[in-house]
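Novice: got a sequence here, can you build the structure:
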Amino acid sequence: MHVNLPRGKQKIIDDENNLAGVDRTTQSLRNVTLEESMIHEGKHFSYVDFQESVGSGTNIDILLSVPDVDIVPHLRFIVYSSAGVKVYLYKQTDFNNNGTPITPTNDNQNSSNISVMDVSKGNTINNIGTELLKYRSGAKKETGIIERNYKIVLAKNTNYLLRITSADTSNNISWDIQWDEHYSGQATEYISLGMDASESQSTAESVILQMSDITSNISESQSTAESVTISVI
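Specialist: Next comes the predicted model:
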C-alpha cells in the first residue's frame, strides 16, 4: 500500500518500514543488482578450488544434486587453466555416493543459510547423462578461460555433472562455481521484494497489482513535476 504525505508525496519503504535511500545529487533511488541482493539475503553460494599438475585427458568431476524442493539454483561458473581445457555440463547423471562432499561457501559470511544443493567431487560415474553445454579454451603453453557469465536455472530433483577435462599435461586448473537460490514458479517474481515466497498465489497477484499501481503513480507524478516516493509493504 501507499503512505500519503502532504503535497501528494509518497514514501518508499521496505517490508520492515525502512526508508529507501535516495541519492542527493540525482534524486534517484539507490538500488543494488539482484545478485548482490541475493548475497545480502544469504542466498548466494560458491565453490572455489584448484588442482595442480593435471594430466592430459584427466577429468575433474563435480556433482551437483538438486533435491525435489521448490527452491532451485541459478548456476554460472568460470574455469581457468594454464594450458588447454574442456568443460562439459550434463544432466540426469547417475553416480555413486563415494565422492568427497563439498561444503559450499555462503557469500554472506553473516548468514547461517546453507545451500539446498548437494555438491561432491570425484564420484564414480555410472551414466554420464545428457550433455547440455560444452566449451574448449587454451592450448599448449596458452592459458584457457571458460566463463558461463549468464545463469542456467537448474531443475529440481535432478543430478548434474560439471566435468572439467585437461587438454594438456601438467595443467593447473582452478574453478569458481556460483549460484543463488530462488523459489521456482511465480514466487521468483516477488521474492526480491522481501516477501515470504511461501505465501499464496493470491498474495503474489496482489503484489503484481500494487507494482502496476506504483508505475501509474510514478507516471502521474512525473507529469506534474512532483517529487515522488513509493511504498511497497
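Novice: lowest-pLDDT helix or strand in this protein?
Specialist: Scoring the helices and strands of the chain by mean pLDDT, DSSP states H and E places helix 201-223 at the bottom, with a mean of 45.
Novice: packing partners for the longest strand along the chain?
Specialist: Criterion DSSP state E: the longest strand present in the chain is strand 171-183. Counting contacts by 3 or more Cβ pairs under 8 Å, 6 or more residues apart in numbering; DSSP states H and E, strand 171-183 is packed against helix 34-40, strand 44-54, strand 59-66, strand 71-81, strand 158-166. Every C-beta, even on glycine, is put in place using the N, C-alpha and C of the backbone.
Novice: of all these, which one is nearest Pro104?
Specialist: In terms of Cβ to Cβ, the element of the helices and strands packed on strand 171-183 nearest to Pro104 is strand 44-54, at 4.2 Å.
Novice: and the closest one, what's buried?
Specialist: By 16 or more other Cβ atoms under 10 Å, the buried positions in strand 44-54 come out as His44, Phe45, Ser46, Tyr47, Gln51, Val54.
Novice: contacts only, for the first one.
Specialist: Yep, that's His44 we're talking about. Listed by Cβ atoms under 8 Å, 6 or more residues apart in numbering, the contact set of His44 reads Glu35, Met38, Asn106, Asp107, Asn108, Gln178, Trp179, Asp180, Glu181.
Novice: got those as a markdown table, with pLDDT columns?
Specialist: A markdown table is the format used below for these (pLDDT from 0 to 100):
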| residue | pLDDT |
| --- | --- |
| Glu35 | 75 |
| Met38 | 87 |
| Asn106 | 96 |
| Asp107 | 96 |
| Asn108 | 95 |
| Gln178 | 96 |
| Trp179 | 96 |
| Asp180 | 94 |
| Glu181 | 95 |
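Novice: many thanks, we can stop here.
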